[in-house]
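# sequence first, predicted model second:
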Amino acid sequence: MFPLAKRTLVSIDPYTLGSIRYLIGVAVLAALLAVIEGRGAFSYAGRFLHAALLGVIGITGFNALVWFGLSFTQPEHTSIILALQAPIAALAVWLLRGQRPAGFTLGCSVLAFAGVLLVITRGDPRGALSGFGAGGAELLGDLLVLLGGASWVIYGLGGASFAGWSALRFTTLTGIPGALGLCVLNAIAVATGHASPPVVDVLLAHAWQIGYLSIVSVVLGVFSFNAAVKHLGTLDTTLLLNLVPVTVFGIEAALGRSFAAVELAGAGVVIAALVANNLYLRRRWRAEQPRRAA
């Protein structure tokens with residue numbers, strides 16, 4: 001998704017790309033929900049405000065922040081920053097629910113953030129900050145992506161309160177208000193001159209890219225994420241998400257992009273820290289099961 005989106009954003013602004021891909025994706029999800037679960041599944045059962053809030057935060061917020069940030073930064077930066085969702089979630093639970101993470105988790109979180117800093121500054125924080133002050137926008141893009149990742153963490157945590165809904169129903173009913181939110185943002189951006197109205201010829205020229213970002217990324221991607229959390233649990237899902245930066249770095253390398261050794265080292269630190277924390281939490285969870293059963 002990220003390498004493809006980065007190259008598509010050269011021709012289509014992030015507001016238009018975000019709204020169109022979700023309008024198409026949600027339309028497909030709604031058709032699937034109607035066929036598989038019936039018209040009754042479209043009822044919010046008194047939970048519209050909760051679902052709409054999650055949709056606006058997770059889908060509108062994630063797409064607006066990440067796509068806009070990606071237009072300034074690099075795909076590999078985006079993927080490695082979004083890999084921080086596990087430590088961000090741990091910190092969010094600590095802040096919102098008062099559940100302090102284990103010391104090992106905090107240590108891994110600090111290590112992961114340090115690895116991300118190595119990647120986005122290429123081992124030269126002073127030079128990166130200097131470039132930002134002189135007008136460079138890459139760090140701004142990285143910050144927007146980080147905020148987008150935090151929005152998705154809120155979406156993922158909030159989904160736990162919809163245990164009675166299937167993954168398809170939750171994805172669709174949060175996707176509808178999320179897509180509408182993206183359309184509102186797009187309309188505001190056009191009205192204020194921050195974006196141009198969509199040009200049909202340009203959209204048709206990028207039809208397969210939009211199709212991929214709609215069907216594969218939204219329909220299969222978001223639905224599969226929500227289904228994985230329900231069937232595999234948060235730990236296993238998070239562990240598998242750590243493959244995303246590996247894939248993106250591999251794709252960019254295949255397309256001819258070269259990386260500094262410090263960037264690869266930073267990415268390795270992030271992935272190693274996240275995997276170590278996942279294995280630690282898994283072992284602790286297994287150790288607690290006999291006590292819970294007793």
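Cool, the structure landed.

# where in the stretch 1-150 of the chain is pLDDT low?
123-136 (pLDDT under 70).

# helices of that one, start to end?
2-8, 14-37, 48-55, 62-70, 75-82, 85-97, 103-121, 125-133, 138-159 (DSSP state H, counting those that start in this stretch).

# the second one vs helix 62-70, what angle?
With axes from the mean of the first three to the mean of the last three CA atoms, to 10 degrees applied, the angle from helix 14-37 to helix 62-70 works out at 150 degrees.

# who does helix 14-37 touch, helix- and strand-wise?
The contact analysis (3 or more CB pairs under 8 Å, 6 or more residues apart in numbering; DSSP states H and E) places helix 14-37 against helix 62-70, helix 167-191, helix 207-211. No exception for glycine: its C-beta is placed from N, CA and C like everyone else's.

# mind doing that once more with 6 Å?
helix 62-70, helix 167-191 (3 or more CB pairs under 6 Å, 6 or more residues apart in numbering; DSSP states H and E).

# so for that helix, what gets flagged as buried?
14-30, 33 (16 or more other CB atoms under 10 Å).

# ok now that helix, how far from the chain's centre?
Relative to its parent chain, helix 14-37 has a centroid offset of 17 Å by CA atoms, centre = their mean, to the nearest Å.

# quick one, phi/psi of Val10?
With angles defined as degrees, to the nearest 10, Val10 sits at phi -70, psi -30.

# give me the number of residues near it?
8 (other CB atoms under 10 Å).

# now the helices of the stretch 1-150 of the chain as TSV including distance to Gly250?
Shown next, in TSV, are the helices of the stretch 1-150 of the chain (distance: least, CB to CB, whole Å):
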stretch	distance to Gly250
helix 2-8	10
helix 14-37	23
helix 48-55	32
helix 62-70	18
helix 75-82	10
helix 85-97	20
helix 103-121	15
helix 125-133	24
helix 138-159	19
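
# among those, which comes closest to Leu241?
With CB to CB, the closest approach to Leu241 among those belongs to helix 85-97: 7.0 Å.

# show residues contacting the closest one.
Gln99, Arg100, Pro101, Thr105, Ser109, Ala112, Gly149, Ala150, Val153, Thr238, Leu274 (CB atoms under 6 Å, 6 or more residues apart in numbering).

# in CSV, list the C-alpha atoms belonging to it.
The C-alpha trace of helix 85-97 is given here as CSV (Å, rounded to 0.1, in the frame of the first residue of the first chain):
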residue,chain,number,x,y,z
GLN,A,85,1.3,0.9,17.2
ALA,A,86,1.9,-1.8,19.8
PRO,A,87,3.9,0.4,22.2
ILE,A,88,1.5,3.3,21.5
ALA,A,89,-1.3,1.1,22.5
ALA,A,90,0.5,0.1,25.7
LEU,A,91,1.1,3.7,26.6
ALA,A,92,-2.6,4.6,25.7
VAL,A,93,-3.9,1.9,28.0
TRP,A,94,-1.6,3.2,30.8
LEU,A,95,-2.8,6.8,30.2
LEU,A,96,-6.5,6.0,29.8
ARG,A,97,-7.0,3.0,32.1
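
# just give me how far that helix sits from the chain centre.
Counting by CA atoms, centre = their mean, helix 85-97 is centred 15 Å from the centre of its parent chain.

# remind me, longest helix of this protein?
For the chain, the longest helix by residue count, based on DSSP state H, is helix 261-293.

# hang on, the earlier thing: now, of the contacts of helix 85-97, which are buried?
For these, a neighbour count by 16+ other CB under 10 Å gives the buried set as Pro101, Thr105, Ser109, Ala112, Gly149, Ala150, Val153, Thr238, Leu274.

# I'd like these laid out as JSON lines, including distance to Arg283.
Formatted as JSON lines, the buried ones among the contacts of helix 85-97 follow (distance: CB to CB, whole Å):
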{"residue": "Pro101", "distance to Arg283": "15"}
{"residue": "Thr105", "distance to Arg283": "12"}
{"residue": "Ser109", "distance to Arg283": "18"}
{"residue": "Ala112", "distance to Arg283": "19"}
{"residue": "Gly149", "distance to Arg283": "26"}
{"residue": "Ala150", "distance to Arg283": "27"}
{"residue": "Val153", "distance to Arg283": "23"}
{"residue": "Thr238", "distance to Arg283": "15"}
{"residue": "Leu274", "distance to Arg283": "15"}
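
# Phe170: which of those residues is nearest?
Using CB to CB, Val153 comes nearest to Phe170 of the buried ones among the contacts of helix 85-97, at 16.0 Å.

# which residues sit against stretch 176-195?
Contacts of stretch 176-195 from elsewhere in the structure, counted by CB under 6 Å, 6+ apart, are 13, 15, 18-19, 22-23, 26, 52, 55-56, 59-60, 63-64, 197.

# nice, that's everything, thank you.
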